[in-house]
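Peer 1: My questions are about this predicted structure, shown below with the sequence.
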Protein chains: 2
Amino acid sequence: MSGALPPMRDHGRAGTGIADVLREEILRGVHPPGTRIRQEDLAARHTTSRLPVREALRLLESEGLVTLVANSGAWVSRLTLAECEELYLVRERIEPVLLGLSAPLLTPADLDELDGLADLMEGADAEEFLVHDRAFHLLTYAPARTVMLSDTVVGLWNRTHHYRRAFVAAAHARHDGAAHHDHRLLVAALRRGDAEEAAHVLERHIRRTRIELERHPEIFDADAALR
Amino acid sequence: MSGALPPMRDHGRAGTGIADVLREEILRGVHPPGTRIRQEDLAARHTTSRLPVREALRLLESEGLVTLVANSGAWVSRLTLAECEELYLVRERIEPVLLGLSAPLLTPADLDELDGLADLMEGADAEEFLVHDRAFHLLTYAPARTVMLSDTVVGLWNRTHHYRRAFVAAAHARHDGAAHHDHRLLVAALRRGDAEEAAHVLERHIRRTRIELERHPEIFDADAALR
DNA sequence: AGACGTCCGACTGGATCCAATGAAGGAGAA
DNA sequence: TTCTCCTTCATTGGATCCAGTCGGACGTCT
């Protein structure tokens, strides 16, 4: 047995870079769920061999963004309604905890920026809303000095990102302003320093989204139609 | 864009098999946190090339059991007290949810088996307790028809397994029977069909462990001494 | 004697080549 | 005409080989 100290650099690993750009593309919607990913295409785009590409795909698989099948290929992960609800159930329980840890550390500048993002969301279209909404919530979590929790939460956001896109479009079509209201309540509670109330607002915010999701199974049917 | 249906086989992937045995060994304590893992050793043991070994290490890294560093090597992951507490914080929030989903699906046979495991734990030493405790709790979750939640919970158990080992040894030394009491209360609530009470018992059970963990920083110092 | 610089060894990361598996298309028979 | 079987091709998984990088040890200089 040994006990060396693992250094903390991570440069020189090509797979992570490939994974980064592919992850960003998947989140942006360039490759919708169900899209086939060919290793050679990625290798050609990055002018490397297929080996770092495999590494990148394994990494994204572990994040739940890509589904690998032996001797067959890789696809952008697809969620069923039930799976998506599970992820929202987890979000509903742990994001308030993370918010509770980060709320006392938010600076006035952070709060102003949150207000700014809330303003931007008011007049945004669906795609813009999606970007600002993500920035808004992740900013509320940013000051938390956690590792495991923060990574877990970001992973949950990434895995559900595409379905939030479809959902946000539906909410926009209905002129549903509940989310805006929640965001305002959240910032107000944070400004008062009432972390507990902020956590409750957030929990209701996520739960409401989950319940609304159940009423839009067509978001997942549309995916299934691609099969 | 394409929309083929990803098949659901996973045979023919050598890396998963290697990962399985290494995971089991890490959980059994054969390789304590901080142990260096050489790719060639693993390759020789499994009579394969280093390539499937790399794949296995990446997989275990994504599970949090192994820490990889570019151009340096792989080590069995080590947790700080703060990180371990974060994981327990997550467990405390999501395992009651999972229990709530599985409790109504537990059969009388399951409940009898839970009683049997609780009996076994009463007279067990620390290592046996660890095994039975894991079996006990995972059995209470087993009937749940979830994918994301179940996998997440198993991952949390795996990542904290080694530190639970140290903690259980400490609890045994103090003749602390709180865990046994919780297990009995849990089975009793499940037998009554009171899923809500069972969830509350579980939440307190995990929270108590987390708080007790804070009082045993030496578990993590002992690790650090290896450095 | 201690500290610094250089050299060497060992390990990991990447590229190329080969084997195996699955899928699609075409030919033949009912 | 349609269903089935077989052949062929595309794509992935694995093995071997080579290059890059880090750590340690030895020797030398102050």
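Peer 2: Noted; the coordinates are in hand. Numbers count the residues shown, from 1 in each chain, chains lettered A, B, ... in the order given.

Peer 1: Which positions within stretch A:133-146 qualify as buried?
Peer 2: A:133, A:134, A:135, A:136, A:137, A:139, A:140, A:141, A:144, A:146 (16 or more other C-beta atoms under 10 Å in any protein chain shown). Every C-beta, even on glycine, is put in place using the N, C-alpha and C of the backbone.

Peer 1: can you count the residues close to the residue nearest to residue A:146 when sequence neighbours are not counted?
Peer 2: What sits nearest to residue A:146 in space, not counting adjacent residues and going by C-beta to C-beta, 6 or more residues apart in numbering or on different chains, is residue B:86, at 5.4 Å. Neighbours of residue B:86 under the rule other C-beta atoms under 10 Å in any protein chain shown: 25.

Peer 1: Quickly find the element holding residue B:86.
Peer 2: Using DSSP states H and E, residue B:86 maps to helix B:81-102.

Peer 1: Which parts of chain A are helices?
Peer 2: Ranges of helices in chain A, per DSSP state H, are A:14-28, A:39-45, A:50-63, A:81-102, A:108-122, A:126-141, A:148-173, A:178-191, A:195-214, A:218-225.

Peer 1: Next, the angle from the longest one to helix A:50-63.
Peer 2: Counting by axes from the mean of the first three to the mean of the last three C-alpha atoms, to 10 degrees, helix A:148-173 lies at 80 degrees to helix A:50-63.

Peer 1: Helix A:148-173 close to chain B?
Peer 2: Yes - judged by C-beta under 8 Å from any C-beta of the partner chain, helix A:148-173 and chain B are in contact via A:148, A:149, A:152.

Peer 1: And that helix, what does it pack against?
Peer 2: helix A:14-28, helix A:50-63, helix A:81-102, helix A:126-141, helix A:195-214, helix A:218-225, helix B:81-102 (3 or more C-beta pairs under 8 Å, 6 or more residues apart in numbering or on different chains; DSSP states H and E).

Peer 1: what does the fourth one give?
Peer 2: Based on contacts counted as 3+ C-beta pairs under 8 Å, 6+ apart, the elements that helix A:81-102 packs against are helix A:126-141, helix A:148-173, helix A:195-214, helix A:218-225, helix B:81-102, helix B:148-173.

Peer 1: so how far is residue A:180 from residue A:187?
Peer 2: 11 Å (C-beta to C-beta, to the nearest Å).

Peer 1: what do you get for residue A:124?
Peer 2: Relative to residue A:180, and taking C-beta to C-beta, residue A:124 is found at 10 Å.

Peer 1: of those two, who's got more company?
Peer 2: Each of residue A:124 and residue A:180 had its neighbours counted (other C-beta under 10 Å), and the higher figure belongs to residue A:124 (17 against 13).

Peer 1: what do residue A:187 and residue A:180 both touch?
Peer 2: residue A:118 (C-beta atoms under 8 Å, 6 or more residues apart in numbering or on different chains).

Peer 1: Setting aside sequence-adjacent positions, which residue approaches the most centrally placed residue in chain A most closely?
Peer 2: Nearest to the mean C-alpha position of chain A, counting by C-alpha atoms, centre = their mean, stands residue A:157 at 2.0 Å. Closest residue to residue A:157 apart from its sequence neighbours, by C-beta to C-beta, 6+ apart: residue A:134 at 6.4 Å.

Peer 1: any idea how far residue B:107 is from the one you found?
Peer 2: Applying C-beta to C-beta, the value for residue A:134 to residue B:107 is 43 Å.

Peer 1: picking that back up, of the residues of helix A:148-173 next to chain B, which is the nearest to residue A:33?
Peer 2: Nearest to residue A:33, judged by C-beta to C-beta, of the residues of helix A:148-173 next to chain B is residue A:152 at 21.2 Å.

Peer 1: need the helices and strands packed on helix A:81-102 in JSON lines with distance to residue A:117, can you?
Peer 2: JSON lines is the format used below for the helices and strands packed on helix A:81-102 (distance: least, C-beta to C-beta, whole Å):
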{"stretch": "helix A:126-141", "distance to residue A:117": "4"}
{"stretch": "helix A:148-173", "distance to residue A:117": "15"}
{"stretch": "helix A:195-214", "distance to residue A:117": "15"}
{"stretch": "helix A:218-225", "distance to residue A:117": "25"}
{"stretch": "helix B:81-102", "distance to residue A:117": "26"}
{"stretch": "helix B:148-173", "distance to residue A:117": "28"}
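
Peer 1: that older thread, does the residue nearest to the centre of chain A really touch residue A:135, like I thought?
Peer 2: No - if you go by C-beta atoms under 8 Å, residue A:157 and residue A:135 don't touch, sitting 10.9 Å apart.

Peer 1: Averaging pLDDT per element, find the lowest-scoring helix or strand in chain A.
Peer 2: Least confident element among the helices and strands of chain A, by mean pLDDT, DSSP states H and E: helix A:218-225 (a mean of 68).

Peer 1: Get me the contact residues on chain A for DNA strand C.
Peer 2: A:12, A:13, A:14, A:15, A:48, A:49, A:50, A:51, A:52, A:55, A:71, A:72 (C-beta under 7 Å from any atom of the strand).

Peer 1: Hmm, residue A:53 and the fourth one touching each other?
Peer 2: What that stands for is residue A:15. Yes - contact criterion C-beta under 8 Å: residue A:15 and residue A:53 qualify, at 7.5 Å.

Peer 1: which sections of chain A are below the confidence cut-off?
Peer 2: A:1-12, A:222-227 (pLDDT under 70).

Peer 1: how does it look with 80?
Peer 2: Along chain A, the parts satisfying pLDDT under 80 run over A:1-12, A:221-227.

Peer 1: Just the closest residue of it to chain B, please.
Peer 2: Residue nearest to chain B within chain A: residue A:62 (2.9 Å; C-beta to the nearest C-beta).

Peer 1: Please verify my assumption that residue A:219 contacts residue A:170.
Peer 2: Yes - with contact defined as C-beta under 8 Å, residue A:219 counts as touching residue A:170 (7.3 Å).

Peer 1: quick one, which of those two is more surrounded?
Peer 2: More neighbours surround residue A:219 than the other of residue A:219 and residue A:170, with 19 against 16 (other C-beta under 10 Å).

Peer 1: what about the more buried one, distance to DNA strand C?
Peer 2: As defined by C-beta to the nearest atom of the strand, to the nearest Å, residue A:219 lies at a distance of 26 Å from DNA strand C.

Peer 1: Next up, the contacts around that residue.
Peer 2: A:81, A:163, A:166, A:167, A:170, A:213.

Peer 1: Apply 10 Å and report the result again.
Peer 2: Neighbouring residues of residue A:219 by C-beta atoms under 10 Å, 6 or more residues apart in numbering or on different chains: A:79, A:81, A:84, A:162, A:163, A:164, A:165, A:166, A:167, A:169, A:170, A:213.
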